[in-house]
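Novice: I'd like to go over a predicted model; first the sequence, then the structure.
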Amino acid sequence: MAIAAAARGARGFTLIELLVVVIVIGLGAGLITLSMGHDGAARLRQESERLRGALEHAAQLAQWRRAPLVWEADAGGYRFLAATPEGLWQEEPDPTLARHAFPDDMRLHASGPAGDPAPLRLLLRASGRNDPYALVVESPAGRWALQGDPLNRVRAAPAP
């Protein structure tokens, strides 16, 4: 009698219990994948926000130092330059403005006031009165537009 009761109690897991375990493991794997940054749209937004913040910081730094800064880029990344006492341009030592390379699948474009292509170079004046500009960061996940106004405010938003 005791053997039959022990055999009946050791039947295993129910189907519901197995489904709950599979669902929990699936949710955990999904959250880990999202947190690892495999989402191209999130990476595009992050790179655009990083550039927006660096441009605003550089414009404020130029005013504070009373010396112009130059931002220049190519399709793969960007850097900031500061003038030396000899009148030459060298890379900016501020860590926020350090040279930055885009991921391989991202590109940067600039356009002038009429929408025509413009060089990837901006002069950030010590006076704080800078020319408006428009930049576009592109990747297979989409496009983000960055627009700078004469008061050094930079807006970043998804581009159509």
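Specialist: Received, thanks.
Novice: drop to CA atoms for contacts and neighbour counts, all remaining ones
Specialist: Noted.
Novice: so residue 155: helix, strand or coil?
Specialist: strand (DSSP: H, G, I helix; E, B strand; the rest coil).
Novice: hmm, residue 148 and it touching each other?
Specialist: Yes - Residue 155 is in contact with residue 148 according to C-alpha atoms under 8 Å; the separation is 6.5 Å.
Novice: more crowded one of these two?
Specialist: A count of neighbours by other C-alpha atoms under 10 Å puts residue 148 above the other of residue 155 and residue 148, at 19 against 16.
Novice: so where is this structure shaky, pLDDT-wise?
Specialist: Across the chain, the ranges flagged by pLDDT under 70 are 1-10, 34-38, 75, 112-115.
Novice: center of it - which residue?
Specialist: If you average the C-alpha coordinates of the chain and look for the closest C-alpha using C-alpha atoms, centre = their mean, you land on residue 47, 1.5 Å from that point.
Novice: how about that one, what does it touch?
Specialist: Residues in contact with residue 47 (C-alpha atoms under 8 Å, 6 or more residues apart in numbering) are residue 102.
Novice: can you do 10 Å?
Specialist: Residue 47 sits next to 41, 53, 100-103, 106, 137, 144 when contact means C-alpha atoms under 10 Å, 6 or more residues apart in numbering.
Novice: and the strands in this protein, which stretches?
Specialist: Taking DSSP state E as the test, the strands found in the chain are 69-74, 77-83, 89-91, 100-101, 107-111, 121-124, 133-139, 142-148, 154-158.
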